[in-house]
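*Asks:* 3D model of this:
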Amino acid sequence: MDFRTRSEYSGTVATAADLPTATRRSSDLSKHSAEVFAEAEDHPVIVTRRDGESLVLMSQREADGRAHLLQFAAQLITVALDDNGSLAERMAKVYPWMLALSPADRDTCALNLVDAARASFATDQPHLAIAELTSWKETATAIAAGLGRAEIQWLDDEAAETVERP
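*Replies:* Residues are numbered from 1 along each chain as shown. Sure, this is the predicted structure:
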């Protein structure tokens, strides 16, 4: 079994090839199912079979993350193939919620999304791109709802009262 713990990676930059992988025989599923399932909750587990192709056991969260990342990749390819307009303008066609952002924020959003996607692909960590996409979409939604338009009233440090802990 080629299995390394996360603690073995502390202090180093991991690539997709370096991430923990466990390989188990199909008989381990019946003999040590709790152990195999616990590993699969942490990272995908390759289950080898004598009579067929190996299978991969992973959490639903992991499978969903990979599916979302592939969908995001397909959308980025669509943006890359379009040659009309800036990156931000092309991305706003695919993600119309970006139109709620200012032009400068659209540029920043587009670059951040591409960078997060590159990091996700390079490290096999779908959550990096999905979190960035979700963060920007939620920001655009809040702006569209009118949040952030109110004038901010800063508290004067000298006049601020200390509130007791409950």
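
*Asks:* surely residue 163 is in a strand?
*Replies:* No. Counting by DSSP: H, G, I helix; E, B strand; the rest coil, residue 163 is not part of a strand but coil.

*Asks:* check it and give its pLDDT.
*Replies:* At residue 163, the pLDDT value in this model is 74.

*Asks:* tell me how many other residues surround it.
*Replies:* When neighbours are defined as other Cβ atoms under 10 Å, residue 163 has 6 of them. All C-beta spots, glycine's among them, are computed from the backbone N, C-alpha and C.

*Asks:* residue 120 too?
*Replies:* Residue 120: 23 surrounding residues under other Cβ under 10 Å.

*Asks:* how much space between it and residue 89?
*Replies:* With the distance defined as Cβ to Cβ, to the nearest Å, residue 120 ends up 23 Å from residue 89.

*Asks:* got any ranges where this structure has weak pLDDT?
*Replies:* Residues of the chain meeting the criterion pLDDT under 70: 1-20, 157-160.

*Asks:* just the strands from it, written as ranges.
*Replies:* Using DSSP state E, the strands of the chain run over 22-25, 45-49, 52-57.
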